[in-house]
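1. the following block contains a protein sequence and its predicted model.
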Amino acid sequence: MPEARRVVLVTGAGSGIGAAVCRRLAGPGVAVLVHVRRNRAGAEQVADAVRAAGGEASVGLGDLTEPAAAAGLVSQAVERFGALHVLVSNAGFAERTPLAALTDDAFRLSVEAMQGAFFRLARAALPHLRAASDARIVAVSSFVAHAFRAGLALFPASAAAKAGLEALVRALAVELGRDAVTVNAVVPGFTRKDAGAHAALAPEQLAAMIAQVPLGRIGLPDDVAAAIAFLASPEAGYITGQLIHVSGGLVI
């Protein structure tokens, strides 16, 4: 198949922020590999939306805590579409267990699913991104790595994993600067889940947290996707090593 104008790999894209990113980026001349761990039905719906907008799409399955999964996804994108221009590392989950009750396995899983997955995805993607024009890496972090105060939900394992991810973003931005590959992170605040999706907070807890957001509302997946789409675009070519907060002012 001829090389598409813009090939994008989005992880954790069957719902929420990842799905919104795919829909935002979809259009003629754009090919998207929609990754999910196991929600094939959700991924196929997102892929259909990409095609309906004039783009190309394929679905990739894989558990990113498994060492070979990241390289396999990158290879699938390149084999299917001929190149890779944009990596959006979004897959992850919220682990709210207090530190004193956190097991070694639960902590390790958080680190592997977010920090480790980003590291392996970026490493596998580097040769292809270096060969592409206007190449971009965008990682999805979280406010939990920045907001620590009484009355706000704490996520120790997730915070540690996301903080490590942000450090990798900044280091990689320097490493890839001479190759004109930009590397940034978007940091969402409280963001609405899709109907039926697992929620880390009960509704009354979430309402109390939203009350602390200066803009007074929960974020939408498309709020975050808009920032990611900009950072993934050719227009963002002079922005790298940055953490862009999309939190309604929760993190200032």
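-> That came through, no problem. Numbers count the residues shown, from 1 in each chain.
2. contacting residues around the residue nearest the centre of the chain?
-> By CA atoms, centre = their mean, the chain has its centre lying nearest to Asn90, at 1.8 Å. Contacts for Asn90 (CB atoms under 8 Å, 6 or more residues apart in numbering) come out as 10-13, 17-18, 21, 139-140. C-beta here means a position set from N, CA and C on the backbone, and glycine is covered the same way.
3. for ChimeraX, what selects the buried ones among those residues?
-> Those of the contacts of Asn90 that count as buried under 16 or more other CB atoms under 10 Å are selected in ChimeraX with:
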select :10,11,12,13,17,18,21,139,140
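4. for the helix or strand hosting Ser158, give me every contacting residue.
-> Using DSSP states H and E, Ser158 maps to helix 156-176. Helix 156-176 has contacts (CB under 8 Å, 6+ apart) with 89, 92-99, 102, 106-107, 110-111, 113-115, 118-119, 122, 126, 129-130, 137, 139, 141-142, 144-145, 148, 182-185, 187, 240-241, 243.
5. now restrict these to buried residues only.
-> Neighbour counting with 16+ other CB under 10 Å marks 89, 92-93, 95, 97, 102, 107, 110-111, 113-115, 118-119, 122, 126, 129, 137, 139, 141-142, 144-145, 182-185, 187, 240-241, 243 as buried within these.
6. so which of those sit within helices?
-> 107, 110, 118-119, 122, 126, 129 (DSSP state H).
7. circling back to that earlier point, tell me the buried residues in the helix holding Ser158?
-> Using 16+ other CB under 10 Å as the test for burial, helix 156-176 gives 156-162, 164-166, 168-170, 172-173, 176.
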